[in-house]
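Student: Sequence plus predicted model, see below.
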Amino acid sequence: MRCTDQPNGHGPQDTPADIGDGDKPRVDVRRNRWAGLAVMMTVALPAGWLAACASKEPPPPPPAPVRPAAPAAAPRPVPSANAARSWDEYRLRAAQKLVAANPTITYTGSVPEPLLAIPVLSVELNGDGSISKIEVMRYPSQAKDTTQIAIDAVRRAAPFGDVSRLPKPWKYVETFLFDENRKFKPVTLDR
């Protein structure tokens, strides 16, 4: 069907023979073929367009703009309002934290006689109370494994709190009193 055809079938190319007489129009085979094709196109094309549209995935959203990350600033130790005012106070708090962090390998009662081992550690700290270095100042003559138990216990309990207000060197010494069950008590708590 051409663009100039009219929907009622009476276009400029129609002749009176095509129209028919009276109430009974004559059937034009050519026109019926084109009409059938037009019906198929009006049904099939939109269905094809819908199928084509349905099979396509929506386009992905545009990527978010990449912002450069700000460089991470090194954390600064913030002095606590209840920071220790002396090394004696700091040692006491550190010993209490040692016992709290290692409840299965410590005791708090009286010191038994005789002791199994007495290792002595020097704990060097950073300003925020984290461990910088641990040195063994005294190895026990027997049960040498207790030295490693003490070192591991100190590492588990760290950090011990801000030392930046205390005088340097930021270091304290702790003596570990081991009983026969290889449980210890910091000597600071026995005073």
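Tutor: In hand now; what should we look at?
Student: Poorly predicted segments of this structure, please.
Tutor: For the chain, applying pLDDT under 70 flags the ranges 1-58, 64-82.
Student: quick one, strands of it?
Tutor: Along the chain, the stretches classed as strands by DSSP state E are 120-125, 131-138, 171-178, 184-186.
Student: What are the contacting residues of stretch 163-174?
Tutor: For stretch 163-174, the external contacting residues (Cβ atoms under 8 Å, 6 or more residues apart in numbering) are 77, 79, 83-87, 90-91, 94-95, 98, 120-129, 132, 137, 154, 186-188. To be clear about C-beta, it is placed using only N, CA and C from the backbone, and glycine gets the same treatment.
Student: Check which residues of it are buried.
Tutor: 163-164, 166, 170, 172, 174 (16 or more other Cβ atoms under 10 Å).
Student: CA atoms only: put it into PDB for me.
Tutor: The C-alpha trace of stretch 163-174 is given here as PDB (Å, rounded to 0.1, in the frame of the first residue of the first chain):
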ATOM      1  CA  VAL A 163      53.700   7.000  78.000                       C
ATOM      2  CA  SER A 164      54.400  10.200  76.100                       C
ATOM      3  CA  ARG A 165      54.100  12.400  79.200                       C
ATOM      4  CA  LEU A 166      56.500  10.200  81.200                       C
ATOM      5  CA  PRO A 167      60.300  10.800  81.100                       C
ATOM      6  CA  LYS A 168      62.400   8.900  78.600                       C
ATOM      7  CA  PRO A 169      63.500   6.200  78.100                       C
ATOM      8  CA  TRP A 170      60.100   4.700  77.800                       C
ATOM      9  CA  LYS A 171      61.000   1.400  79.300                       C
ATOM     10  CA  TYR A 172      60.100  -0.600  82.400                       C
ATOM     11  CA  VAL A 173      61.300  -3.800  83.900                       C
ATOM     12  CA  GLU A 174      59.000  -6.600  85.100                       C
END
